[in-house]
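Novice: For reference, the sequence and a predicted model appear below.
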Amino acid sequence: MKRWMLLSALMFAAGCAGAPVREGAVTVAPGEQVVDLRAGSYFFAPASLSIPAEKPVVLRIRNEASVIPHSFVLAGPGGNVLVRKPLRKGGETLIRLSPLPAGTYTFYCDKSFLGSTHRSKGMQGKLEAAPAK
């Protein structure tokens, strides 16, 4: 019984020990495009996003998880990490993306628990930066 209580306490503490997110670090400028994304326990919705290439965009990510820590990582076509940001538990995180060249990018959560990554549980998606028509 004591072992179970200790394990529960450690799991709770690990979930609460996420990196702090500075409030108000990003504000949306008038006319700036905002793209909404939801994050939850092992999912991003929608799992496919489209943004205009070569234009700045603000991602507004609503994290529905209030205990489990999540992050947003954006990787370029070659796999290099362009953005890595912890998500505010039970709240919104704004991320300003610099203008991206046309192409397909991958986004995912890089957190893990007991050797299993959130990405392997389905917390990933694709971002398409499409040229203007």
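Specialist: Received, thanks. Nothing here was measured: the structure is a model prediction, and the numbers come from that model.
Novice: Going along the chain, name the strands of the chain.
Specialist: For the chain, applying DSSP state E gives strands covering 33-40, 43-45, 48-52, 57-63, 71-75, 81-86, 92-97, 103-108, 112-113, 116-117, 124-130.
Novice: for the record, mean pLDDT for stretch 66-82?
Specialist: Model confidence over stretch 66-82 averages 94 on the pLDDT scale.
Novice: Just the buried positions in that stretch, please.
Specialist: For stretch 66-82, the buried set under the neighbour-count rule, 16 or more other C-beta atoms under 10 Å, comprises 68, 69, 70, 71, 72, 73, 74, 75. Every residue, glycine included, has its C-beta placed from N, CA and C.
Novice: quick one on the thing from earlier: so which of the strands of the chain gets nearest residue 26?
Specialist: The minimum distance between residue 26 and the strands of the chain falls on strand 92-97, with 3.9 Å, by C-beta to C-beta.
Novice: helices and strands of the protein: which one bottoms out on pLDDT?
Specialist: In the chain, the helix or strand scored least confidently by mean pLDDT, DSSP states H and E is helix 2-16, which has a mean of 46.
Novice: returning to what we had before: which stretch among the strands of the chain approaches residue 27 most closely?
Specialist: Nearest to residue 27 among the strands of the chain is strand 92-97; the distance by C-beta to C-beta comes to 7.6 Å.
Novice: Report the distance from that closest one to the chain centre.
Specialist: Put simply, strand 92-97 sits 9 Å off its chain's centre (C-alpha atoms, centre = their mean, to the nearest Å).
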